[in-house]
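A.B. asks: Model the following, please.
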Amino acid sequence: MSGSSPVFGSLLDNILPRVPPFFKYLHEQSEMLVKTFSALVVYLESGERIRAGEVAALETQAAEFREKLLEILSNAFSTPMDREDVYRAIASIHEPIWSARIAAEEMDALGIKSDRFAVEMATILREAASALEHGYAKMDKDARSASGDAGVAVRCRSTIDKAYRRALAELYNVETTLQSLQANETNAKVDAMNQVVNILKKRELYRHLHFAGRQMGEAGSVLKGIIVQMS
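C.D. replies: Residues are numbered from 1 along each chain as shown. Model prediction:
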């Protein structure tokens, strides 16, 4: 009906409202997820304070986009899947973005130095974010083909658990410090106190990254549920 008038098209939209392209929107949102964790990896690798601001700025943009999507969902006459699943997908994609911001801001505020464990966890998160982005990109064409990508994101939960435990094992290795205290070496007490403070600070960073891994796994589970519903 290439010759249809704008008035006819408007009347048709009122009778049969168009379904918003939620899969397109979720793909765009997941692209923001990838950008955020890519920026976080760069910050953890470089330690440059300006990079923390970049992570925060990306989260602000993502939050604005999330609110836009929730408004579209609220006003939508119909959705390509259960309305609750659309909401869960929107929320699950944004939650790890918020955790990335908190991790970056606390690292900056507390003067925490990054290490190989933090970089490892952030890299795992970036890979899971990329998997979600690839998965949502396929949903409009072939939902079943996105199952493997969703699985990668789901497995982020167990992968990050292992990395987190390795990080804590190394962090709590204080044998050398204890030996210095027992020998009453010069500055041993000061060094011990500094190590305790460092442990508390780094544990906060590790905890936020670990929590983001749990959230990323949940986002993968949400995507898997949608795939089952669409198949």
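A.B. asks: Pretty sure residue 215 sits against residue 93.
C.D. replies: No - contact criterion Cβ atoms under 8 Å: residue 215 and residue 93 do not qualify, at 9.4 Å. C-beta coordinates here come from the backbone N, C-alpha and C atoms, glycine included.
A.B. asks: And these two? Which one has more around it.
C.D. replies: Of the pair residue 215 and residue 93, residue 93 is the one with more neighbours under other Cβ atoms under 10 Å, namely 30 against 25.
A.B. asks: who's in contact with the residue positioned nearest the centre of the chain?
C.D. replies: When Cα atoms, centre = their mean is applied to the chain, the residue found nearest the centroid is residue 96 (3.0 Å). The contact partners of residue 96, by Cβ atoms under 8 Å, 6 or more residues apart in numbering, come to 33, 37, 125, 129, 212, 215-216, 219.
A.B. asks: After whichever strand or helix holds it, which helix or strand is next?
C.D. replies: Using DSSP states H and E, the element containing residue 96 is helix 83-110. Toward the C-terminus, helix 83-110 is succeeded by helix 116-138 as the next helix or strand (DSSP H and E).
A.B. asks: Quick one: distance of the following helix or strand past that following helix to the chain centre.
C.D. replies: The C-terminal neighbour of helix 116-138 among helices and strands, as given by DSSP H and E, is helix 147-171. Using Cα atoms, centre = their mean, to the nearest Å, the mean C-alpha position of helix 147-171 is found 13 Å from that of the whole chain.
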